[in-house]
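Asks: coords below, sequence missing:
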C-alpha cells in the first residue's frame, strides 16, 4: 500500500471538516438563536429554506453551487479577480460544499437547544439590567451547551461524509480535492477494493467515535 496515497484523502477530509464545522458552528449559533427568539411573518418559509439542503440530493446542491460559484457568476468573477484564480475545483470549494450540507443539521440541533431554554430566565436577566449579549452569553448558551456541542460534532461528521456536492464543485484531484468519500468511489469503480475498504474503515472509525462522543454529551448530566 502506498501510504502517501492512502493518507492524503484522510488528511484533507479532516482538515476540510474541521474548518467547515467551525464556520458552520459560528453561523448556526447566530442564526439558530435569532430564529428561536424572533417572531415575524414568513418565519416558516425562512426556516424551510435554511433546512432545504438537508433533504435535497447532494447533486442538486452541487449543481446550484456550480452555477453560483462558476466563472459566469458575479461571485465567481469577484473571487477570481481577488485571488487570481477560480474557486471551483479547489479545496476551498470542497469546504464550501461541506459547509452548505452540514449547516442545516447543526442549525436544527442548535435551534432545538435554544427552544428548550426557559424564556423566563432570560426575561428575568433583562429585567435586572442585563444586555442582550449578556443574556446570550451567560444564560442562553450555557443552558443549551450540550445541544451546541452536539451540533458541532454532527456538523463535523456531515462535512466528513459529503460526496455529491463536493464531487461536482471540487472534483476528485488527488492531493488537492480528493476526500475520503470521493477516493472510495474512484477506488471501488477502478477495482481497487482493498484501498476502498481501507478508506471505508477509516470513515467508519471516525464517524463512530464522533457520534459516540455526541451521544455521551447529549445524555450525560
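Replies: Yep, that arrived. As the structure is a computational prediction, the values presented were derived from the model and not from experiment.
Asks: I'd like the secondary structure assignment at residue 136, please.
Replies: At residue 136 the chain is in helix, as set by DSSP: H, G, I helix; E, B strand; the rest coil.
Asks: Compute the distance between it and residue 119, please.
Replies: Note on residue 136: its distance to residue 119, by Cβ to Cβ, to the nearest Å, is 13 Å. Yep, even glycine has a C-beta here, placed from its N, CA and C like the rest.
Asks: can you check residue 51 too?
Replies: Residue 51 sits 23 Å away from residue 119, taking Cβ to Cβ as the criterion.
Asks: same check, this time on residue 143
Replies: Using Cβ to Cβ, one gets 11 Å for the distance from residue 143 to residue 119.
Asks: Residue 51 and residue 119: who's more crowded?
Replies: Set side by side, residue 51 and residue 119 show more neighbours around residue 51, with 16 against 11, by other Cβ atoms under 10 Å.
Asks: That one - nearest residue in space that isn't next to it in sequence?
Replies: Of all residues beyond its chain neighbours, the one nearest residue 51 is residue 104 (4.7 Å), with distances taken as Cβ to Cβ, 6 or more residues apart in numbering.
Asks: for residue 103, same thing?
Replies: The spatially closest residue to residue 103, leaving aside those adjacent along the chain, is residue 24, at 5.2 Å (Cβ to Cβ, 6+ apart).
Asks: Could you list the buried residues of whichever strand or helix holds that neighbour?
Replies: Counting by DSSP states H and E, the secondary-structure element that holds residue 24 is helix 3-37. Burial within helix 3-37, assessed by neighbour count using 16 or more other Cβ atoms under 10 Å, is assigned to 8-10, 12-14, 16-17, 19-21, 23-25, 28-29, 31-33, 35-37.
Asks: The residue nearest to residue 51: neighbour count?
Replies: Residue 104 has 21 neighbours, counted by other Cβ under 10 Å.
Asks: For it, list the residues it contacts.
Replies: Taking Cβ atoms under 8 Å, 6 or more residues apart in numbering as the criterion, residue 104 is in contact with 50, 51, 52, 53, 54.
Asks: same thing but 7 Å
Replies: In this structure, residue 104 makes contact with 50, 51, 53, 54, judged by Cβ atoms under 7 Å, 6 or more residues apart in numbering.
Asks: The helix or strand encompassing residue 108 to helix 3-37, inter-axis angle?
Replies: Per DSSP H and E, residue 108 falls inside helix 91-115. Direction vectors for helix 91-115 and helix 3-37, defined by axes from the mean of the first three to the mean of the last three Cα atoms, to 10 degrees, enclose an angle of 40 degrees.
Asks: from the chain's centre, how far out does helix 91-115 sit?
Replies: Here the centre of helix 91-115 is set off from its chain's centre by 4 Å, with Cα atoms, centre = their mean, to the nearest Å.
Asks: What separation do you get for residue 208 and residue 65?
Replies: Applying Cβ to Cβ, the value for residue 208 to residue 65 is 29 Å.
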